[in-house]
Structure formats: structure tokens, C-alpha cells
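> model this:
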Amino acid sequence: KNFVLELRYGEARAERLPGLARELVSLKVDVIVAATDPATAAFKRETQTIPIVMANSSDPVGSGFVASLARPGGNITGLSSLSSELSGKRLELLMEAVSRLSRVAIIWNPDVRGALLDYKETEGAARSLGLQLQSVEVSRADDLDRVFSAVTKARAQGLIVPGPNPVLFANRGQIVSFAQGNRLPAIYGQGEFVDGGGLMSYGPSRPDVLRRAATYVDKILKGAKPADLPVEQSTKFELVINLKTAKALGITMPPSLLLLADEVIP
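Alright, predicted model coming up:
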């Protein structure tokens, strides 16, 4: 009743973002919420004055969006999903569900800065666990067929799909179908993959992140400056397990893992 919400969706196509950013900036909106790192980067190029709230940045300092988490220093603030322990934890959870794993593939996007940190942490965890880790990079939806072929050719026994990754998220149906069709146990960075039939996920709670982003918008509309609002890191992480998918893959989830789960889809 007291504000107008202008929605724009890039459909995971990076080439669309500059035009959408220019359009919203030309409307002289009071605040912009960017859901991904590429969106934040596009808005940053178009305005240094309109406040920008990052709903979920993978590495805001490394990406050059803010000077520091405590003192952003410009017109951008918001939330960061940067948490190095998540990557190793995903691998450990996947191994707890499927103890026979020896070769695991990780699909990640090198264009997302935080994804490189994810990969490096996963690589270190795999080394300590004695696992072979196959790195498969994807930056466009057109890469998916090549990616699936590479994973199949390498005879991966498990799959890790970290987030946030706009390309993979937008094409999650294809990725989940590939994993199911090849009987690959997979763990994802976002619960929406599991809602769509994925085996399990571990990562920041998306509803919690978006609600917290809304509190930044509220503060800014009441007069706060982005430069004075510290960037907050994710604090609520969720483990989601899909038992129907586990059964289809012939996996019996350990009771200890089910007890840890925040949500179990029957």
C-alpha cells in the first residue's frame, strides 16, 4: 500500500543484466535489491548513489562491492554467504550418506568469485578425506551438455553443486534430472534443488536471507546510509534431505544424518 515494487529477472543470462540495471536506475528507484553477484556488479556500474542491498553475495570484499564487511564505505551493503566451512561440510555429509565414494565431481562457475573459494575448500577437504575430486566448470547454460558428458566420462560416483550460482540455479531441473538418470548421489548448496527431486542440500536458508535483506531496505528507507550498515554473514544453515530420491537411488539414509536434517521430504 505504501511502496511500488519493480521486479526484473535476468533468467540467468548475464548479457541481460546491464540493460535491466540501466532501466531500474533510470526509474530513479529509492533502493535496489540484487539477488546475485552478477546483478550487484551490473548495478554498481550504473550507479554510485542509489543504495544497493546485496541479498546474497558470495564474496563482497573480493568482488570489490564493499571496502570491508564492517565498513562498506559506499552505496552497497547487505548479506554475504561467504562461509568456507560449508564446502568441506557438504563433502562430509555426502560421504556420510554414501560411504563407498571414491570419486566426486564438483560443478562450479568460475565467473562467481565466491565459487572459487568453494572449490578450493572442497579440494582441500577431498584431499584430507582421500577422495578424487573432478572439477567441472560451467559459466553458461550452453555448457551443460558438455558438463554432463565430462562427469559421465570421468565415472564420478557423487556430485557437488555449490551455490549461489545463477546459471545452475536457473537450470536446476536439468541438473537434478541428470543426477537421477545417472544414479548419482548429489548434494547442492540450495534447498530448491531438493524440492525439485535432488537428494540433499546444505547451505544458507534462502527465506531467512531474503527476510534479512528486507530489514536493510527498511533501514535505508528510514534514512540509514549503506556505508554505515555493516555487511552481515549468513548464520542460519539448513540440511534438507529427500527420502523419495534416496530410495530411488538405493540409499538408506543413516539415522544420525536424518536427526541433523532441518527438513526431510518424504
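
> Just confirm residue 16 contacts residue 38, I think it does.
No. Between residue 16 and residue 38 there is no contact under C-beta atoms under 8 Å: 9.9 Å. For the C-beta atoms, the positions are set from N, CA and C on the backbone; glycine is no exception.

> Quick check: neighbours shared by those two?
Listed contacts common to residue 16 and residue 38 are residue 10; contacts here mean C-beta atoms under 8 Å, 6 or more residues apart in numbering.

> Looking at these two, which one has more neighbours?
Neighbours per residue (other C-beta atoms under 10 Å) separate residue 16 from residue 38, with residue 38 holding more: 22 against 15.

> Remind me which helix or strand that one belongs to.
Secondary structure assignment for residue 38, by DSSP states H and E: helix 37-46.

> just checking, what packs against that helix?
For helix 37-46, the packing partners by 3 or more C-beta pairs under 8 Å, 6 or more residues apart in numbering; DSSP states H and E come out as helix 17-26, strand 32-34, strand 52-57.

> Just put those in TSV and tack on distance to residue 5, mean pLDDT and mean neighbour count.
Converted to TSV, those look like this (distance: least, C-beta to C-beta, whole Å; pLDDT from 0 to 100; neighbours: other C-beta atoms under 10 Å):
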stretch	distance to residue 5	mean pLDDT	mean neighbour count
helix 17-26	11	97	16
strand 32-34	9	97	24
strand 52-57	13	94	26
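
> could you dump these to JSON lines with distance to residue 224?
Listed next are the helices and strands packed on helix 37-46 as JSON lines, based on distance: least, C-beta to C-beta, whole Å:
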{"stretch": "helix 17-26", "distance to residue 224": "20"}
{"stretch": "strand 32-34", "distance to residue 224": "15"}
{"stretch": "strand 52-57", "distance to residue 224": "11"}
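
> And those: which comes nearest residue 248?
strand 52-57 (30.4 Å; C-beta to C-beta).

> The residue nearest to the spatial centre of the chain and residue 80, how far apart?
Most central in the chain under C-alpha atoms, centre = their mean is residue 164, positioned 1.5 Å from the mean C-alpha point. When distance is defined by C-beta to C-beta, to the nearest Å, residue 164 is 11 Å away from residue 80.

> Overlap of the contact sets of those two?
Joint contacts of residue 164 and residue 80 (C-beta under 8 Å, 6+ apart) are 56, 58.

> Give me the below-cutoff pLDDT ranges for this structure.
Counting by pLDDT under 70, the chain shows low-confidence ranges at 83-84.

> follow-up on the earlier one: in what helix or strand does the residue nearest to the centre of the chain lie?
Here residue 164 is assigned to no helix or strand, by DSSP H and E.

> So which residues of this protein form strands?
32-34, 52-57, 76-80, 103-108, 132-137, 158-161, 186-188, 200-204, 232-233, 237-242, 263-265 (DSSP state E).

> out of those strands, deepest packed?
Ranked by mean neighbour count, the strands of the chain are led by strand 186-188 with a mean of 29 (mean count of other C-beta atoms under 10 Å).

> in its sheet, what does that strand sit against?
Its sheet considered, strand 186-188 pairs with strand 158-161 (parallel), strand 200-204 (parallel) by DSSP bridges.

> residues contacting residue 193?
Contacts of residue 193 by C-beta under 8 Å, 6+ apart are 161, 172, 175-176, 186, 201.

> change it to 6 Å
Taking C-beta atoms under 6 Å, 6 or more residues apart in numbering as the contact definition, residue 193 lies against 172, 176, 201.

> Next: residue 98.
residue 185.

> That one and residue 92: what is the separation?
Residue 98 sits 12 Å away from residue 92, taking C-beta to C-beta as the criterion.

> now residue 134
From residue 134 to residue 92 the distance is 18 Å (C-beta to C-beta).

> and what of residue 142?
Using C-beta to C-beta, which is the criterion applied here, residue 142 is 33 Å from residue 92.

> Between those two, point out the one with more neighbours.
residue 92 (14 against 9).

> how far away is the closest residue to residue 36 other than its chain neighbours from residue 7?
Ranked by C-beta to C-beta, 6 or more residues apart in numbering and with sequence neighbours excluded, the top spatial neighbour of residue 36 is residue 166, at 4.8 Å. Remark: distance between residue 166 and residue 7 (C-beta to C-beta) = 16 Å.
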